[in-house]
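Trainee: A structural model of the following input is requested.
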Amino acid sequence: MRIELNGDPLELEEGATLEAVVRESGIGGGARGVAVAVDGEVVPRAEWLSTALAGGERVEVLAAIQGGAR
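Mentor: This next block holds a predicted model:
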């Protein structure tokens, strides 16, 4: 199946979970400050492993970064 991950197409096996997509993004599921949305709806971390994706869905994986202006 094909989804969109952070604006880019991605081919996955049928039944792939959101947790697998987070790993595929390169951020890593155990990282702190990671937020994930499927078709604009935020999915809590506790549901990543049980959330199966369907073809055509848009997934955004975002990681908070620290920093600031001087």
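
Trainee: How about residue 58: what's its closest non-neighbour residue?
Mentor: Distances taken as Cβ to Cβ, 6 or more residues apart in numbering place residue 4 nearest to residue 58, at 4.6 Å, with adjacent residues excluded. C-beta here means a position set from N, CA and C on the backbone, and glycine is covered the same way.

Trainee: What segments of this protein are strands?
Mentor: Ranges of strands within the chain are 2-5, 8-11, 34-38, 41-42, 58-63, based on DSSP state E.

Trainee: on contacts alone, who are the packing partners of the longest one?
Mentor: By that I understand strand 58-63. Where contact means 3 or more Cβ pairs under 8 Å, 6 or more residues apart in numbering; DSSP states H and E, strand 58-63 is packed against strand 2-5, helix 18-24, strand 34-38.

Trainee: Which strands or helices does the shortest one pack on?
Mentor: Applying 3+ Cβ pairs under 8 Å, 6+ apart, one finds that strand 2-5 contacts strand 8-11, helix 18-24, strand 58-63.
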